[in-house]
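>>> let me see the structure of the following:
(2 chains)
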Amino acid sequence: MSKKIDIASLPEEALQSLKAFPEFDISSFNDSGANGYVMLGHHKVLKKEVAIKIYFHEQDERHQEPAILASINHPNILKVYDARNLSPVCSFFLMQAASDGDFFTYLSKYNLSSLYAHKLLCELLAGIAALHSSPNLLIHRDLKPENLLINNDMTIIADFGSVRKMDEGTGKAPASKHSILYRPSEAFGDDAYFDFSSDVYQAGLIGYLLFGGEISNDLLNYLTAQERRKLKLIEKEHGVGYEASTYVDSCIEKRIKAGGIADFNKLPLFIPEAVKRLLRKAVCERSRRFNSPSEFLAALVSLRPTLPDWVFDGGSGSCILEKWNGNDYVIYEEGGRWHTKKKKSTGSDFRKDSTLSGLTLGEAYDKLKAKVKLP
Amino acid sequence: MVASGLLLKGSGIRIVTVTGTKENHHLVAERFHKLEMQNPTKEDVEIFVHALKAHCSDNGVDIICLNKRNEKGDRSGGAATFRMEGVILATSPVPIKMVHPGTIAATDRREAANKSKRPATIDLGKAYDLAYEGL
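Numbering: from 1, shown residues only, chains lettered A, B, ... in the order given. A predicted model of the protein is given here:
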C-alpha cells in the first residue's frame, strides 16, 4: 500500500538508500511488492519525479533488471538513471516515475475511451517490439497490469525481473512460472516455453482489460462448480496447502488450454466485433496467434479509422460516444427506459432523440448503431 | 539483406518484405502487408510510426524502398501519400531508398527471371518490385 511517509518507520534498507541519495525528496513509500520496496519522490538535481526500487537478491547475483533497462532506450520502456548495491543481498536503482501509477490501479479507477485504450495497447506493443528486436532478443514473460505503468497518458513497460533472452537456435526461452492467469497455453507442461508470440498473448490479455474486460485475480473464480466440489474434498483430506493449490493450478491450466480466461462476451456492448476478433487472435492458441507485435500492431492500425470513441461513464451509468461523423451521443437511463441524446461535437446542448429509446441499454444501442452505422 | 518495399497509394501503404539476395530471396512477414492512415490525428500518426518501427525491428529490416514521386503531374500523388512519405522519411529507423518507376522497368527487362516470388496481386506486386531494388 502507498502511504504518507514517517521516515523513521521505514525499513533499514530504505533509510540506507535515502542516505545514498540526499538529492531525493521522498513523497510516498510502497511495500506491496513481493521482493522489495518502491519509494516515489522528487529528484532535486534532475528536477523531475523519480522512483527508487529496492530489491533483495541472492548473494552477488547478477543485476539483470537495471542492466536491461539501461541497455534499451525506448519511450515505452522504463528508464533507469542509476543503480547501486546496499549490501551483498540488497540493491536499488533509481528510475523514471510514472505519473498515474500502474495499469492495475489505473483501470480500477477509470473507464477508458476506446481510442485511448487502442493507443495504450499500441504503445505496449511498440515497447514489446523494442525488447524483441536484435540485439536485445528479450522476452518479458510477465506482462500484466501490475507491471505496466502509465506516465503522461503513455504506456511504460516495467518490472523486468522475469525477462529472459531468446535462444537464437530454438527461438524460445524457458517458461515463467509467474502469474498463472497470464501464462499462455505453451507455458504449461513438460515442454513449457515462452517465445515472442507469448508476449503478444499477454499483450492481448492487457488489450482485453483496456477495452473494458475483467480478469479477477481470485483463481477460484475460474473453477467450475464441479471443480469447486473436488477442491473442497481435497482441502478436507489434505488441508489448504500444496495439493489444493496444485489442483487449482491444474484447473486454470485446463481453462487456458481450452480457450483462455478472457470472456469476450463480457466486453462492453459498444466494443466492435472487429476489436474482439483481433483480441481473440492475440490470445488464441500458438499456431493461430499473431507471431509478432508488429503483426498485431498492423491489424490495430487498420482498425483505428473506423473505431468509435465510446466510453462508459461509471458515475451516471451512461455510455458516451464522441466525434462520430461530427456528432456526440449519450445513451442514458431515465424513468426505467434507456434514451439517446445527441449534439454536434462543436455544440454545447444535447437534444433527446425519441426514436432511439429502448427498454434496455442493448435495445437503445442497437437502434443508434443502425441509425448512425456504427461498426 | 532484408528489404521492405512500401508502395504509397491512396490513404494506405502496401508492404512486401524480402530477405536474401536478388538471385535467391523469399518473402517474410507476409501478414504485415498493409497500413492505413486516413485524416490522421497526432495519435494516429504516432501509432502508424509505432507499427512501422516495430515491423523494422521485428524483422531486422535493413532498408525501406519507397516509390519515388514526381514533383508535379503524373505520379505526383495526392495529399495522403505526400503526408505518409513525410512521416516515413522523418521517422524511419532504417535507411530509405527512393525508387523511380523507370528503374523498376529497367530491372524487369534485365532480371525478370529473378522475380519468382512476386505476389500475384497488383499492388503487392509493385511493393515487391520496390523491395527487390533494396536487395
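
>>> tell me the contacts of residue 11?
Assuming you mean chain A. Applying Cβ atoms under 8 Å, 6 or more residues apart in numbering or on different chains, we find A:Pro11 in contact with A:Asp31, A:Tyr37. C-betas here are computed from N, CA, C, even on glycine.

>>> let's do chain B instead
If a contact means Cβ under 8 Å, 6+ apart, then B:Ser11 has B:Glu36, B:Met37, B:Gln38, B:Ala80 as its contacts.

>>> so how far is B:Met37 from it?
When Cβ to Cβ, to the nearest Å is applied, the distance between B:Ser11 and B:Met37 equals 6 Å.

>>> now for the two: what residues contact both?
Overlap between the contact sets of B:Ser11 and B:Met37, as judged by Cβ under 8 Å, 6+ apart, is given by B:Ala80.

>>> and the strands in chain B?
Counting by DSSP state E, one finds strands in chain B at the ranges B:2-9, B:12-20, B:25-28, B:34-36, B:63-67, B:96-99.

>>> who's in contact with stretch B:85-100?
Outside of stretch B:85-100, the residues within contact range by Cβ under 8 Å, 6+ apart are B:6, B:8, B:37, B:45, B:48-49, B:52-53, B:56-57, B:61-69, B:77, B:129-130, B:133-134.

>>> quick check, central residue of chain B?
Nearest to the centroid of the C-alpha atoms of chain B, with distances taken as Cα atoms, centre = their mean, sits B:Leu6, at 1.2 Å.

>>> quick revisit: how about TSV for the strands of chain B, with mean pLDDT added?
Output for these, formatted as TSV (pLDDT from 0 to 100):
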stretch	mean pLDDT
strand B:2-9	96
strand B:12-20	96
strand B:25-28	96
strand B:34-36	92
strand B:63-67	96
strand B:96-99	96
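
>>> these two touch, right, B:Phe48 and B:Leu35?
Yes - assessed by Cβ atoms under 8 Å, B:Phe48 is found in contact with B:Leu35 at 6.3 Å.

>>> and the stretch 251-375 of chain A, which residues reach chain B?
A:290-295, A:297-298, A:300-302, A:304-305 (Cβ under 8 Å from any Cβ of the partner chain).

>>> identify, from those residues, the entry nearest to A:Ile157.
Within the set of those, A:Pro293 lies nearest A:Ile157; the separation is 11.4 Å, counting by Cβ to Cβ.

>>> OK, contacts around that closest one?
Each residue near A:Pro293 by Cβ under 8 Å, 6+ apart is listed here: A:Leu125, A:Ala126, A:Ile128, A:Ala129, A:His132, A:Phe196, A:Asp199, A:Val200, A:Ala203, B:Ala54, B:Asp58.

>>> near chain A, which residues of chain B are found?
Of all the residues in chain B, those lying near chain A are B:29, B:31-39, B:43-44, B:46-48, B:50-51, B:53-55, B:57-60, going by Cβ under 8 Å from any Cβ.

>>> so which of those belong to helices?
For the residues of chain B next to chain A, membership in helices holds for B:43-44, B:46-48, B:50-51, B:53-55, B:57-59, with DSSP state H as the criterion.

>>> from those, list just the buried residues.
B:Asp44, B:Glu46, B:Ile47, B:Phe48, B:His50, B:Ala51, B:Lys53, B:Ala54, B:His55, B:Ser57, B:Asp58, B:Asn59 (16 or more other Cβ atoms under 10 Å in any protein chain shown).

>>> TSV please, covering those and showing pLDDT and distance to A:Glu227.
Shown next, in TSV, are those (pLDDT from 0 to 100; distance: Cβ to Cβ, whole Å):
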residue	pLDDT	distance to A:Glu227
B:Asp44	93	45
B:Glu46	94	45
B:Ile47	94	41
B:Phe48	94	45
B:His50	94	41
B:Ala51	95	41
B:Lys53	95	44
B:Ala54	95	39
B:His55	95	43
B:Ser57	92	42
B:Asp58	92	39
B:Asn59	93	43
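
>>> save those as a markdown table, and put in distance to A:Asp366 too.
Output for these, formatted as a markdown table (distance: Cβ to Cβ, whole Å):
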| residue | distance to A:Asp366 |
| --- | --- |
| B:Asp44 | 29 |
| B:Glu46 | 34 |
| B:Ile47 | 30 |
| B:Phe48 | 33 |
| B:His50 | 34 |
| B:Ala51 | 33 |
| B:Lys53 | 40 |
| B:Ala54 | 36 |
| B:His55 | 38 |
| B:Ser57 | 42 |
| B:Asp58 | 40 |
| B:Asn59 | 42 |
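
>>> between these, which is nearest A:Tyr329?
Of all those, A:Tyr329 sits closest to B:Asp44, with 21.7 Å by Cβ to Cβ.

>>> for that closest one, give me its contacts.
With contacts defined as Cβ under 8 Å, 6+ apart, the neighbours of B:Asp44 are A:Arg304, A:Pro305, B:Met37.

>>> any idea how far B:His50 is from it?
The spacing between B:Asp44 and B:His50, counted by Cβ to Cβ, is 11 Å.

>>> and A:Ser113, by the same measure?
For A:Ser113, the distance to B:His50 equals 19 Å [Cβ to Cβ].

>>> what's the answer for A:Pro375, then?
As defined by Cβ to Cβ, A:Pro375 lies at a distance of 22 Å from B:His50.

>>> over to A:Lys276?
The separation that A:Lys276 has from B:His50, given Cβ to Cβ, amounts to 22 Å.

>>> likewise for A:Gly347?
Spatial separation of A:Gly347 from B:His50 under the definition Cβ to Cβ is 34 Å.

>>> list phi and psi for the one residue sitting closest to the centre of chain A.
Closest to where the C-alpha atoms of chain A average out (Cα atoms, centre = their mean) is A:Pro145, at 2.9 Å. Here is the backbone geometry of A:Pro145 (degrees, to the nearest 10): phi -60, psi -30.

>>> contact partners for it?
Taking Cβ under 8 Å, 6+ apart as the criterion, A:Pro145 is in contact with A:Asp102, A:Phe103, A:Phe104, A:Leu107, A:Ile206, A:Leu209.

>>> filter those down to the buried ones and express that as a ChimeraX selection.
Buried members of the contacts of A:Pro145 can be picked out in ChimeraX with the line below, counting by 16+ other Cβ under 10 Å:
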select /A:102,103,107,206,209
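
>>> contacts with chain B among the contacts of A:Pro145, please.
Residues shared between those and the neighbourhood of chain B: none [Cβ under 8 Å from any Cβ].

>>> contacts only, for B:Asn59.
The contact partners of B:Asn59, taken as Cβ under 8 Å, 6+ apart, are A:Ser292, A:Ser294, B:Val2, B:Ser4, B:Thr17, B:Thr19, B:Val28, B:Ala29, B:Phe32.

>>> I misspoke; the intended subject was A:Tyr332.
Under the criterion of Cβ under 8 Å, 6+ apart, the contact partners of A:Tyr332 comprise A:Ser316, A:Gly317, A:Ser318, A:Cys319, A:Trp338, A:His339, A:Thr340, A:Lys341.

>>> only alpha carbons, please: show the helix or strand that contains A:Lys371 as PDB.
Remark: A:Lys371 resides in helix A:361-372, with elements defined by DSSP states H and E. Once non-C-alpha atoms are left out, helix A:361-372 reads as follows in PDB (Å, rounded to 0.1, in the frame of the first residue of the first chain):
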ATOM      1  CA  LEU A 361     -29.300  -0.400 -23.000                       C
ATOM      2  CA  GLY A 362     -28.800  -3.000 -25.700                       C
ATOM      3  CA  GLU A 363     -32.100  -2.000 -27.400                       C
ATOM      4  CA  ALA A 364     -31.200   1.700 -27.400                       C
ATOM      5  CA  TYR A 365     -27.700   0.900 -28.600                       C
ATOM      6  CA  ASP A 366     -28.900  -1.300 -31.400                       C
ATOM      7  CA  LYS A 367     -31.200   1.500 -32.700                       C
ATOM      8  CA  LEU A 368     -28.300   4.000 -32.500                       C
ATOM      9  CA  LYS A 369     -26.000   1.600 -34.200                       C
ATOM     10  CA  ALA A 370     -28.400   1.000 -37.100                       C
ATOM     11  CA  LYS A 371     -29.100   4.700 -37.500                       C
ATOM     12  CA  VAL A 372     -25.600   6.100 -37.500                       C
END
